[in-house]
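J.: Here is a sequence together with a model predicted from it:
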There are 2 protein chains.
Amino acid sequence: MTTVREFIDIHRHDLLRDLDEWLRIPGISAQPAHHADVLRSAEWFAAAATRTGFPTVEIWPTAGMPTVFAEWPSDDPDAPTVVVYGHHDVQPVDPIELWTSDPFDPTIDGDLLRARGASDDKGQLLFHLLAVRAHLAATGLTSPAVNLKLLIEGEEESGSPNFEQLLADRHERLACDVVVITDTGMLAADTPSTVTGMRGLVAATVYFHGPDLDLHSGVFGGAVPNPATAIAALVAALHDDDGRVQIPGFYDDVLSLTASERELFAKVPFAESEFLSVAKSRALDGEAGYSTLERLGARPTAEVNGIGGGYQGDGGKTIVPSDAFAKLSFRLVASQVPERIRLAVEEFVATRTPVGIQARVEWDGDGVAPCLVPLGTPAYDALAASISEAFDGREVLPTREGGSGPEAAIQQALGVPLVFLGVGLPDDQIHAPNEKVNLSMLYKGAEIAAGLWSRFAQVGAAALRDLTPAESPAAGDGSAAG
Amino acid sequence: MTTVREFIDIHRHDLLRDLDEWLRIPGISAQPAHHADVLRSAEWFAAAATRTGFPTVEIWPTAGMPTVFAEWPSDDPDAPTVVVYGHHDVQPVDPIELWTSDPFDPTIDGDLLRARGASDDKGQLLFHLLAVRAHLAATGLTSPAVNLKLLIEGEEESGSPNFEQLLADRHERLACDVVVITDTGMLAADTPSTVTGMRGLVAATVYFHGPDLDLHSGVFGGAVPNPATAIAALVAALHDDDGRVQIPGFYDDVLSLTASERELFAKVPFAESEFLSVAKSRALDGEAGYSTLERLGARPTAEVNGIGGGYQGDGGKTIVPSDAFAKLSFRLVASQVPERIRLAVEEFVATRTPVGIQARVEWDGDGVAPCLVPLGTPAYDALAASISEAFDGREVLPTREGGSGPEAAIQQALGVPLVFLGVGLPDDQIHAPNEKVNLSMLYKGAEIAAGLWSRFAQVGAAALRDLTPAESPAAGDGSAAG
């Protein structure tokens, strides 16, 4: 009998061959000219899953691009069920002139494989095919220790417009005890980590209407309400001098960081100068009392994405404008509820609309809930142990992402815990020219997954569904942490 | 010997004939197609002044449209010198379809004469030609009791782009003891009044630059400074809750309203519902402790004319924008100095520029100084007495205009007091279709001017230059009046 690592070492070339084939298919979901390629991409993965041994492989159509579903039941009737989420579509390649090689002609340079989709997300899906073979070889089983379901979306890079519908339609087929998201990364090649939270989002445009026409500021200025002044006052009122959001109730449902979470945050390497250099910003900013990583991952925000009103041209025009607007978005963290935040924002706007101004708040959809993997749950501990093992016993650091993908929708639709097994690296240049993946990270990913199925089986279905961590964070306004 | 009023009554037809001729010339300075007409208009007035008896009449070219200058020296070597300012160009006539008669075919309907320029400003200049004849007839003099200089601009409706240069070039020819502005109006046909102040103006665009590119608000939001948030905070900081401008030093040079000035303001009829209806505004607003007319005429303002930054399209875009701006203008009142206010604003912006934001303030020129006719000066009292006499002894109410024309430039260039002799009415529809003038107001104007030259002569040159009123308002921050 071989070990997982040995099997992977021996069969690396299978992964490389798969990568070379699949990465040649330019499945750019955002570009209709490439929609046939997205279909080919789905078919390619379906065939690869079949070849790997998945007894059930289906291509699920949507109103847009198709999802691939592959299922490999365990022979053990008590085995827990795992859904692995990823996506087979890729980002556009513009600006193409900045690529040093053809984005769809995979190029290997030492440990690096450069191609569009190498890291996001084809490389990370392909390690799962190698992983399940290693899992079987190392355990001697003829079927996985868990009921394994792969859910591979085809429109993630286009905002997953049909994914919630698919989750609703396929609810029964997707029944499971835990979801493994494989579309994220680690802090560094030598710093094992896992995402444990993603911020949610609600966004709106607030319109303020004052006089029904632009007025001459000499004749009327100083005697009628100015909606541009009012919108500025509204925006300015969003934060206090400590960067704390001033909307009443905004922090009510925020889970405070526990002391141990803050300790772990503090261990995550953070290079301020590099962060500022990437952001091309001259300073850090944000809520007082929190580190940058805490601000980005564990604290909610109110952000002005756009503001406008009145004269926009060169020079001046002495008017009192008729209209003004602000585009506001709010990043949410567990356990904030988009609906409650929307109501709080509307109340805030209503309270701060001056006499003589008419306000209208237009929401960008219902919003996205935040998601959080509580540390210390059985599912998290199993993942952390598997990662640590692949990194020869190193401590696994929890990280949080500032943005959000379809993960919260998956969690809400399937009602089970999520964990994040991703092996991308910060310098993978996903969504940018010269995307690459470190092959060594893909091998690590395969090793983690192969071990994880065994650990999940040991934990058992009921425990995997458990969302109560050993140390439970308190819901509250988080001020204790500040 | 005839009285002024008798002479005017007898010679009304001369004024009507002049009006009918001059108003037929479409001297629209803003429209190059009409520039030949503006030249004809200047020539027409020059000829009319010559015909009236002005011994010196010149057409002064500028880089744009010409000014007419007419001079009639007094035989009295001690006579004071008066410059009468007005303009012979007119506004465009669009939307032409809203006119009930041809704007350049003067139409008389009872007391009303309808034509473009009837009130603004040809009618008001022509009463001066009748006035000087009435003045001579009533006094028996063969030359006016004052050295009379008419300064009739040809580009006022185009923003007087060459006027300051002309004032500088012709400084010696324009030497005088007092200036009479004849381009304003009265409160109502039965409410004699005179403008006593015009607000000045400085205007700037404030640019705030944050990160060098728009950032993803999920990845960076809450951790870097947002220039749209910063510009909103800057704008919001301009006023306190009482509508008081918060720029340090802003009110330092503001002349407080005296108790008697406030009493006079309170006498000026003001229909709130009509004001709101014209403004199409749902409420009044402004600095606490002042009436609307005081806010418009006697108090300085900070106004946001435009604000912008970040995403401007439909829906949302979750970015931290790179740039934001605010277009600010400040209406000034006596004795605020544009240069000092510009420095105060720059200091305010510098103080309120957050760390990590780069600020730039771009001024719209040097600004316009406010002008004020202090009540109780000899020049003002002479004007008020002349107006009162023409209105059979009624009290003359001082009013203030919220905006500004070239008056402050005249005052600054010539360094003497201004007074405002204008007989337009609020419903004259200047700058709009169906402009009209009340002929009875033009006759009143002639009567006032004819009497004024005699009064100015009695006052004498030295006293006319006196800017010290009987009751002197205190310079200060005006808070006592609030």
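T.: Cool, the structure landed.

J.: Near whichever residue of the stretch 101-250 of chain A sits closest to chain B, how many other residues are there?
T.: Distance from chain B to each residue of the stretch 101-250 of chain A (C-beta to the nearest C-beta) is smallest for A:Gly218, at 2.4 Å. Using the backbone N, CA and C atoms, a C-beta is placed for each residue, glycine as well. Residues contacting A:Gly218 under the criterion other C-beta atoms under 10 Å in any protein chain shown number 23.

J.: do the same with A:Glu339
T.: Close neighbours of A:Glu339, defined as other C-beta under 10 Å, add up to 12.

J.: Now do the contacts for it.
T.: Each residue near A:Glu339 by C-beta atoms under 8 Å, 6 or more residues apart in numbering or on different chains is listed here: A:366-367.

J.: If I look at it, what pLDDT would I see?
T.: Note on A:Glu339: pLDDT of 96.

J.: And it, how close does it get to chain B?
T.: Between A:Glu339 and chain B the computed distance is 17 Å (C-beta to the nearest C-beta, to the nearest Å).

J.: Please, which helix or strand holds the residue of the stretch 101-250 of chain A closest to chain B?
T.: Using DSSP states H and E, A:Gly218 sits in helix A:217-220.

J.: Please apply the same query to A:Leu383.
T.: A:Leu383 belongs to helix A:378-390, assigned by DSSP H and E.

J.: Skip ahead from that helix and say which helix or strand is next.
T.: Trace forward from helix A:378-390 with DSSP H and E and the next one is strand A:397-401.

J.: per-residue confidence at A:Gly482?
T.: At A:Gly482, pLDDT is 28.

J.: Help me confirm that A:Tyr85 is found in a strand?
T.: Yes - under DSSP: H, G, I helix; E, B strand; the rest coil, A:Tyr85 falls within a strand.

J.: picking up where we left off before, ok, and the closest non-adjacent residue to the residue of the stretch 101-250 of chain A closest to chain B?
T.: B:Gly403 (2.4 Å; C-beta to C-beta, 6 or more residues apart in numbering or on different chains).

J.: tell me the SS of the one you found?
T.: With three-state DSSP as the criterion, B:Gly403 reads coil.

J.: neighbours of it, just the number please.
T.: Quick note: B:Gly403 (other C-beta under 10 Å) scores 18 neighbours.

J.: That one reaches A:Gly222, doesn't it?
T.: No - counting by C-beta atoms under 8 Å, B:Gly403 sits too far from A:Gly222 to count as a contact (11.4 Å).

J.: who touches both of these two?
T.: With C-beta under 8 Å, 6+ apart as the test, B:Gly403 and A:Gly222 both reach B:Arg331.

J.: show me what contacts A:Gln336?
T.: A:200, A:253-254, A:300, A:369-370.

J.: of those residues, closest to B:Gln124?
T.: The closest of these to B:Gln124 turns out to be A:Pro300 (C-beta to C-beta; 63.2 Å).

J.: residue contacts, the residue in the stretch 1-150 of chain A that chain B sits nearest to?
T.: Nearest residue of the stretch 1-150 of chain A to chain B: A:Gln91, at 13.5 Å (C-beta to the nearest C-beta). Applying C-beta under 8 Å, 6+ apart, we find A:Gln91 in contact with A:28, A:30, A:116-117, A:120, A:157, A:430-431, A:435.

J.: That one and A:Leu39: what is the separation?
T.: Distance, A:Gln91 to A:Leu39, by C-beta to C-beta, to the nearest Å: 18 Å.

J.: Helices of the stretch 51-200 of chain A, start to end?
T.: A:122-139, A:163-169 (DSSP state H, counting those that start in this stretch).

J.: for the shortest one, which positions count as buried?
T.: Residues A:163, A:166-167 are the ones in helix A:163-169 that count as buried (16 or more other C-beta atoms under 10 Å in any protein chain shown).

J.: Stretch A:294-304: end-to-end distance?
T.: 20 Å (C-alpha to C-alpha, to the nearest Å).

J.: tell me the mean pLDDT for that stretch?
T.: 95.

J.: do stretch A:462-469 as well
T.: Across stretch A:462-469, pLDDT averages out at 87.

J.: Over to stretch A:350-367?
T.: Mean predicted confidence for stretch A:350-367 is 95.

J.: Smallest distance to chain B belongs to which residue of the stretch 351-482 of chain A?
T.: For the stretch 351-482 of chain A, C-beta to the nearest C-beta, closest residue to chain B: A:Gly403, 2.3 Å.

J.: Help me confirm that that residue comes into contact with B:Gly218.
T.: Yes - contact criterion C-beta under 8 Å: A:Gly403 and B:Gly218 qualify, at 2.3 Å.

J.: what sits in contact with each of those two?
T.: Common contacts of A:Gly403 and B:Gly218, defined by C-beta under 8 Å, 6+ apart, comprise A:199, A:201, A:331, B:318.
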